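Undergrad: For reference, the sequence and a predicted model appear below.
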Amino acid sequence: MYKIAFVEDEKNLSSLVEKYLKSEGYEVFLFHNGEDAIPHISEDFSLWILDIMLPGTISGYDLIKNIRKEKPNMPIIFTSARDQEIDKVMGLELGSDDYVAKPYSVRELMLRVKNLLNRTYAMSAKKDSNKEEFNGYEIDYDKRIVTENGVNINLTSKEYDLLLFLLQNKTKAFSRDQILDNVWGMNYFGSDRVVDDLMRRLRQKMPNLSVETIYGFGYRLLV
């Protein structure tokens, strides 16, 4: 059973979302502020859903920074009434995997939750217990871990998903929209700028990947 941590200060909304999540078979842990949530960031959750604007001194941004320190590969969805491009980009820069602007359809959120959980945990299950060596990196598909010379490279869940997609499609060229559909899912309606931002971060962490930029189109992983 997937365990979902949900941080939302709006009581009516949080109760409604909690009800829907439980109806989908998820185990839900509800927090109404950052102060209550932060002691639990090291626990074994499957997904965090974070509101950016929270009462008190700990915001959603603060939470994601701390979660990423403890759980680099943890799937995270941001929600916020601040539907501004800078908020989306900042959330994605900090390592969120998806962003949902308020007011949102609870059914849409459920679909995003399902898609993210499937991409995160089903994608790695596609490969049987094995590892792959590529350009000096070792990819452990079971643990979703990438190492170089025995040292773990702390990839976020979305960075790992992008890497996995590239590895599964070596030498193939993909447009930004195609990468969005395959890594973020068909129901993601944000700007394709997030592809460039995520690719830039992946290149910084794994400079030996040899990802070719096809200007005006997209990217291709070279071998």
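TA: That came through, no problem. Numbering: from 1, shown residues only.
Undergrad: can you give me the strands for this structure?
TA: 3-7, 27-31, 47-51, 76-80, 98-101, 131-134, 137-140, 145-148, 151-153, 173-175, 211-214, 218-221 (DSSP state E).
Undergrad: Strand partners (parallel or antiparallel) of the second one?
TA: It stands for strand 27-31. strand 3-7 (parallel) (DSSP bridges).
Undergrad: Enumerate the positions of the strand it pairs with that are buried.
TA: Residues of strand 3-7 classed as buried by neighbour count (16 or more other C-beta atoms under 10 Å): 4-7. Yep, even glycine has a C-beta here, placed from its N, CA and C like the rest.
Undergrad: Including distance to Lys69 and pLDDT, could those go into CSV?
TA: Shown next, in CSV, are the buried residues of strand 3-7 (distance: C-beta to C-beta, whole Å; pLDDT from 0 to 100):
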residue, distance to Lys69, pLDDT
Ile4, 20, 97
Ala5, 16, 97
Phe6, 20, 97
Val7, 17, 96
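Undergrad: how deep is Gly216 tucked in, by neighbour count?
TA: Look at Gly216: counted by other C-beta atoms under 10 Å, it has 6 neighbours.
Undergrad: do you know how far it is from Ala173?
TA: Gly216 sits at a distance of 12 Å from Ala173 (criterion: C-beta to C-beta, to the nearest Å).
Undergrad: can you check Asp44 too?
TA: Asp44 is 39 Å from Ala173, by C-beta to C-beta.
Undergrad: which of the two has more neighbours?
TA: Set Asp44 next to Ala173 and count neighbours by other C-beta under 10 Å: Ala173 wins out with 13 against 7.
Undergrad: gap between stretch 184-203 and the chain center?
TA: Between the centre of stretch 184-203 and the centre of its host chain there is 11 Å, according to C-alpha atoms, centre = their mean, to the nearest Å.
Undergrad: With just CA atoms, put it into PDB.
TA: C-alpha atoms of stretch 184-203 as PDB (Å, rounded to 0.1, in the frame of the first residue of the first chain):
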ATOM      1  CA  TRP A 184       5.800  14.100 -16.600                       C
ATOM      2  CA  GLY A 185       2.800  12.300 -18.200                       C
ATOM      3  CA  MET A 186       0.200  13.100 -20.700                       C
ATOM      4  CA  ASN A 187      -1.800  15.200 -18.200                       C
ATOM      5  CA  TYR A 188       1.000  17.700 -17.500                       C
ATOM      6  CA  PHE A 189       0.000  21.100 -19.000                       C
ATOM      7  CA  GLY A 190       3.000  23.200 -17.800                       C
ATOM      8  CA  SER A 191       5.600  24.900 -19.900                       C
ATOM      9  CA  ASP A 192       8.200  22.800 -21.800                       C
ATOM     10  CA  ARG A 193      10.800  25.100 -20.100                       C
ATOM     11  CA  VAL A 194      10.800  22.500 -17.300                       C
ATOM     12  CA  VAL A 195      12.400  20.000 -19.700                       C
ATOM     13  CA  ASP A 196      15.400  22.400 -20.200                       C
ATOM     14  CA  ASP A 197      15.700  23.100 -16.500                       C
ATOM     15  CA  LEU A 198      15.600  19.400 -15.600                       C
ATOM     16  CA  MET A 199      18.100  18.500 -18.300                       C
ATOM     17  CA  ARG A 200      20.400  21.200 -17.100                       C
ATOM     18  CA  ARG A 201      20.400  19.800 -13.600                       C
ATOM     19  CA  LEU A 202      20.900  16.300 -14.800                       C
ATOM     20  CA  ARG A 203      23.900  17.300 -16.900                       C
END
